[in-house]
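Asks: Give me a 3D structure for the following:
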Amino acid sequence: MARILLVEDSKQLRDYIVTFLENKGGFDIDQAPDGHAAMDFIMSFDYDLAILDIMLPGPSGFEVCKALRKRSTCPIIFLTALGNEDNILTGYEIGADEYMVKPFSLKILYAKILALLARAGIRDEKVLSCGDVRVYTQKMEVTDGDKEVQLSPKEYFLLKVLIENKGRVMKRSYLLDRVWGKDIDVNDRSVDTHIKNLRKKITGATIKTVIGSGYKII
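Replies: Sure thing, here's the model as predicted:
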């Protein structure tokens, strides 16, 4: 089942899209009514595809797209009333895969979703590994040997980023940007605390401290 993030401030339009896609089947849809909720979702979960409006309360769809692109390569569709050339070009420049202008056809939106998911190979579970540790990105599950490990969302994404870059030193500033985003209430100590917690929970791989630089997993 493909997990989709739908960011749209109109409840009527969200319901319209969600009902159509749920009737088609095969989708698990999270709904964000504004940019702040969208940011919270993308900092907490992995998505297979995102549908973004641009004119939103709080951060705009462009800002959400930029934040999502820092964390994911998932397909992104802009679905917006802004149809001028400059906005369309901006959408593609910051990482959109498709740009649809309202009013739109649900059937065409559905066809684009299927095409993008197929192109990205989303139907296949992606598994990241390091030592005995496995990260199942669609299910957001982590195993260490033959046991499942329970992690908080921040611990999960921190581990995911480390394993995606296994063997490489990840600076604290980079980890903060990837895992915490623009949250102004965190600092380097937040990374250190979560690393400490991960070390307690993970034994099948080693998270090493590189003094003066950051962390790497081996």
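Asks: excluding its backbone neighbours, what's nearest E141?
Replies: E148 (6.3 Å; CB to CB, 6 or more residues apart in numbering). (Each C-beta comes from the backbone N, C-alpha and C, glycine too.)
Asks: Specify the local secondary structure of that neighbour.
Replies: strand (DSSP: H, G, I helix; E, B strand; the rest coil).
Asks: Kindly provide the distance from it to G131.
Replies: 16 Å (CB to CB, to the nearest Å).
Asks: the more surrounded of these two?
Replies: G131 (16 against 11; other CB atoms under 10 Å).
Asks: didn't the more buried one look like it was pressed against A205?
Replies: Yes: counting by CB atoms under 8 Å, G131 does reach A205; the two are 3.7 Å apart.
Asks: For M170, give me its contacts.
Replies: By CB atoms under 8 Å, 6 or more residues apart in numbering, the contact set of M170 is 161-162, 214-216.
Asks: one more time with 6 Å, if that's ok
Replies: M170 makes contacts with 214-215, as judged by CB atoms under 6 Å, 6 or more residues apart in numbering.
Asks: So what pairs up with it in the strands?
Replies: Y215 (DSSP bridges).
Asks: And it, how close does it get to N187?
Replies: 16 Å.
Asks: Neighbours of the spatially closest residue to P75 that is not a sequence neighbour, how many?
Replies: Nearest residue to P75, sequence neighbours excluded (CB to CB, 6+ apart): L116, at 3.7 Å. By other CB under 10 Å, 19 other residues sit near L116.
Asks: And L116, how far from Y156?
Replies: 25 Å.
Asks: So the residue nearest to P75: helix, strand or coil?
Replies: helix.
Asks: Next up, phi/psi of the residue minimising distance to the centre of the chain, please.
Replies: Nearest to the geometric centre of the chain sits D46, at 4.0 Å (CA atoms, centre = their mean). Torsion angles at D46 (phi, psi; degrees, to the nearest 10) stand at phi -90, psi 140.
Asks: go on, E63?
Replies: phi -70, psi -40.
Asks: And K201, by the same measure?
Replies: Taking degrees, to the nearest 10 as the convention, K201 sits at phi -90, psi -20.
Asks: Surely A32 touches V7?
Replies: Yes: taking CB atoms under 6 Å as the definition, A32 is a contact partner of V7 at 4.5 Å.
Asks: what sits in contact with each of these two?
Replies: A38.
Asks: you'd agree V64 is in a helix?
Replies: Yes: under three-state DSSP, V64 falls within a helix.
Asks: Return the distance of I113 relative to A2.
Replies: 8 Å.
Asks: which of the two has more neighbours?
Replies: I113 (23 against 20).
Asks: hang on, that one in a helix?
Replies: Yes: assigned with three-state DSSP, I113 falls within a helix.
Asks: How many neighbouring residues does the closest residue to it other than its chain neighbours have?
Replies: Nearest residue to I113 in three dimensions, chain neighbours excluded: L49, at 6.2 Å (CB to CB, 6+ apart). Neighbourhood size, L49 [other CB under 10 Å]: 25.
Asks: If I look at L49, what pLDDT would I see?
Replies: At L49, the model reports a pLDDT of 95.
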